[in-house]
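Enquirer: below: sequence and its predicted model.
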There are 2 protein chains.
Amino acid sequence: MTELPEQQMEEDKSVQPQVEIEEGDAFGLGDEHVNDVREHLRDGNEEAVRDLFEELHYADAADVVQQLKPEDRTKVLQIVGDDLEPEVWSELDQDILEEVVYEIGAGTVARALAEMDSDDALAVIEELDEEDQKEVLEAMPHGERAVLMEGLSFPEDSAGRLMQRDLVAVPAFWTVGETLDYLRSDVDLPEDFYEIFVVDPKHKPLGTVPLSQLMRNKRPVRVGNLMEEQLTTIPVGTDQEEVAFIFRDRDLVSAPVVDDNGRLLGVITIDDVVDVIDEEHEEDIMRMGGVTQDEFYSSALDAAKSRVWWLVVNLGTAIVASMVIGLFSATIEQLVALAVLMPIVASMGGNAGTQTLTIAVRAIAMKELTPANAMRVVGKEIAVGAMNGVIFAILIGLATWAWFQDPALASVIAVAMIVNMVVAGLAGALIPVALDRYGADPAISSSVFLTTVTDVVGFFAFLGLAALFLLG
Amino acid sequence: MTELPEQQMEEDKSVQPQVEIEEGDAFGLGDEHVNDVREHLRDGNEEAVRDLFEELHYADAADVVQQLKPEDRTKVLQIVGDDLEPEVWSELDQDILEEVVYEIGAGTVARALAEMDSDDALAVIEELDEEDQKEVLEAMPHGERAVLMEGLSFPEDSAGRLMQRDLVAVPAFWTVGETLDYLRSDVDLPEDFYEIFVVDPKHKPLGTVPLSQLMRNKRPVRVGNLMEEQLTTIPVGTDQEEVAFIFRDRDLVSAPVVDDNGRLLGVITIDDVVDVIDEEHEEDIMRMGGVTQDEFYSSALDAAKSRVWWLVVNLGTAIVASMVIGLFSATIEQLVALAVLMPIVASMGGNAGTQTLTIAVRAIAMKELTPANAMRVVGKEIAVGAMNGVIFAILIGLATWAWFQDPALASVIAVAMIVNMVVAGLAGALIPVALDRYGADPAISSSVFLTTVTDVVGFFAFLGLAALFLLG
């Protein structure tokens, strides 16, 4: 730790940090502020609402706004809408934002956007549908509107949309002293920046000088001699998930964005990438659960509509599995215990297969599972399926024997269990690898294929073996 | 964009950025380097292996090391182990790391750790088991060992483990000029830093001055007048997931870590938090898939062992569901179509319930679902369940009628479908809310409870209604 030498320090008026976190605190509001706001609204006390919002950090203010009932939300925004810190708007969910534009009007939103950094403003405006976008843009001052429209010209979810246009770029022959003087002059600097870009006469990035480096060197040193040259540049059309991967892979804090000619256009900083990473993960979780978007703030009807297609697909695969059972109707009629036990085999296969699938899909995304080691991985998963298959074959065999006193039935279900769990391991590894090889996104469709396989194989193996060995 | 005034710029030798990303590139190695390394090893060409690793960025070097077969990995590390950039070691998966310590010895690892920043070195050493930890620590130089041991004294996954001890702290009465002189003196500075901390005589943080602010002000200005006072301080024992939430909620780039007396201990920067966020998300995905840890690099036996308990729990719930079917054995014997159709009702309930659960668990984690709006959310999910329930009741009713030409059966399955999908919505929302209220982590156990409920209710409703209305 860097300490200053022992010396008499002037007694400063101690300024308390304004936000103290207690260990174990549930960070965030809970109900308090929301209930207070509701009370003030009921009492018609606009002053109190204004005071309350004055005190709040923008993240908490956004939380309150989102947790209110729609009618209360409209009233609150009519009271404080123009006074909210601009950042509150970037924290609002898309559905809430559209509701707000509708209720409060484009003017308030436009005024807020005009005060924000261009990348944050762009993040807000791209959430709106086309009509609202037009309204808000038309209500904005000319200069800010131009920047946003240029941002919107880049493909959605690309580096062009994430980047901050304001940056500091100097030629390599400038010295530390000249650079510092430049920064202290009346020039229009970005709000926060962590490094200086060094560019050639064609405005192509040559390297960067982190501020921490700039500061520890004396005035006559040339920035060209200080700069870090191993520079990862990002083409402006790069997809944001690729950008996030690059940042994580290279431990970057920021990276220059270049156009097709390699000229510097802007910079992406890690706080933007953190938002992308969060979005990405949210999508992953949603997809695994069969949900296509976060409709937490949507109406019940919109939520139902957004969920129905995934359910239709699953209905289809469930019917396919039932058709397999249908093939063995006669068998089941003769031994109804089969109907009682068959879902166990199918579902254990599904669970084991899902475990394999989860590991494989992640490894593909992290580029750890590649053609170089794919066969080794599939082999390992078959082995895991066999090992656990034997364990559960024993468990279910014993349970069946105890339940139905039928050792032959117990043996049949045991064998079916091993078969299904080995197939589950194989399918759970192969399906995503195959989808990835053919250019499809393994995360989306793998689970549907997998559960179809484990259901069909599970029912077929169990009922088929039963038909062969227990009856006729 | 900040541009420099038009002026004649010296023609610099153009230095090409060393890493160019093409749009659409699959970032990462694929097979090339791994295959090259294998070839060189087969030819016994150690020189070529050394040359290859010289060229690689540390992230790519780690990828190669991980994708090799264990025997090849050992040979490669014997050749290049001492020359690898220290960062390669932080990129290695835990299983690989343990294998390496075993094969290559603690000395090589200790030498690498001694060169790393304390927080990165700590992240590596905490992955090792106790015995390996001791070996490696003993092989390290005294000073670095002390820092690591102090880091290990903090609870696992806490702020104390994430923080960087090196930072710059100055008193409030220092000026910009005095601070710059200090930074340029021979003092031991952290490698990268983005701000200066301002502390009181008791070494408690008063505020921060981002370097970008420090630089744009003239020498006589006091840092106390420049500092941002709204400071989020993090107690050293705070759990890392809470730290990540705070960083995201407040859009922080770094935050000071304090001890129980409020004295500044260290700083956490956002790149460390990004690692935590990634870990967190990986855990979320693993959990949803029924996997407890990433055993991609583990042996088949270890992977099987780590997966077995989840499967045991699911076997238990599957047997419970089968017992419900068992209650209706007589009913099924009379109408075997019931056995064919019953899995459809159960699985649709499971799918719909999982959709609700996914949305609810996420909303709880994002602190969007709180007691303030819980009942409204449950009500919405019941409505969604009813709407989609009706749609799928119609679909399955028609399918059943077409398949079995039995309108009474079709009606029974239609009603059972509505019942199960409404129950699924209710359960999918209530279960995580209840678990959260009682202090349990909703993400872990919710799905087991949910599928038990949808299976039991699905079978019971369908077979029960069939017994009541179709038979006897």
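Expert: Everything's here; your move.

Enquirer: what does stretch A:248-259 rub up against?
Expert: Here stretch A:248-259 makes contact (Cβ atoms under 8 Å, 6 or more residues apart in numbering or on different chains) with A:159-160, A:163, A:167, A:194-195, A:197, A:204-205, A:208, A:231-236, A:243, A:246-247, A:264-270, A:277, B:27-28, B:57, B:59, B:87, B:192, B:270-271, B:274, B:278. C-beta coordinates here come from the backbone N, C-alpha and C atoms, glycine included.

Enquirer: endpoint to endpoint, that stretch covers what distance?
Expert: For stretch A:248-259, the first and last residues are 22 Å from each other (Cα to Cα, to the nearest Å).

Enquirer: so what's the gap between that stretch and the chain middle?
Expert: Stretch A:248-259 has its average C-alpha position 19 Å from the chain's average C-alpha position, going by Cα atoms, centre = their mean, to the nearest Å.

Enquirer: quick one: mean pLDDT for it?
Expert: Averaging pLDDT along stretch A:248-259 yields 88.

Enquirer: now swap in stretch A:145-153 and tell me
Expert: The model assigns stretch A:145-153 a mean pLDDT of 89.

Enquirer: count of residues packed around whichever residue of the stretch 201-350 of chain A sits closest to chain B?
Expert: As assessed by Cβ to the nearest Cβ, chain B sits closest to residue A:289 within the stretch 201-350 of chain A, at 2.7 Å. Neighbour count for residue A:289, taken as other Cβ atoms under 10 Å in any protein chain shown: 24.

Enquirer: again with residue A:258
Expert: Around residue A:258 there are 23 residues (other Cβ under 10 Å).

Enquirer: just the element for the spatially closest residue to the residue of the stretch 201-350 of chain A closest to chain B that is not a sequence neighbour, please.
Expert: Excluding its sequence neighbours, the residue lying closest to residue A:289 (Cβ to Cβ, 6 or more residues apart in numbering or on different chains) is residue B:358, at 2.7 Å. Element membership of residue B:358, judged by DSSP states H and E, is helix B:337-365.

Enquirer: just the buried positions in the helix or strand just after that helix, please.
Expert: Next helix or strand after helix B:337-365 toward the C-terminus (DSSP H and E): helix B:374-404. Buried residues in helix B:374-404, defined by neighbour count with 16 or more other Cβ atoms under 10 Å in any protein chain shown: B:374, B:377-378, B:380-393, B:395-397, B:399-401, B:403-404.

Enquirer: who are the packing partners of helix B:374-404?
Expert: helix A:300-327, helix B:337-365, helix B:407-437 (3 or more Cβ pairs under 8 Å, 6 or more residues apart in numbering or on different chains; DSSP states H and E).

Enquirer: for residue B:312, see how far away the residue in the stretch 351-472 of chain A positioned nearest to chain B is.
Expert: Proximity of the stretch 351-472 of chain A to chain B (Cβ to the nearest Cβ) peaks at residue A:358, 2.7 Å away. In this view, residue A:358 and residue B:312 are 18 Å apart by Cβ to Cβ, to the nearest Å.

Enquirer: what about those two, which has more around it?
Expert: residue A:358 (23 against 13).

Enquirer: so what's the residue count around residue A:349?
Expert: So residue A:349, with other Cβ under 10 Å, has 34 neighbours.

Enquirer: now for it: which residues touch it?
Expert: Contacts of residue A:349 by Cβ under 8 Å, 6+ apart are A:420-421, A:423-424, A:454-455, A:457-458.

Enquirer: tell me the contacts of the residue nearest to residue A:289?
Expert: A:285-286, A:288-291.

Enquirer: go through those and name the one nearest residue B:113.
Expert: If you rank the contacts of residue B:358 by distance to residue B:113 using Cβ to Cβ, residue A:285 comes first, at 34.5 Å.
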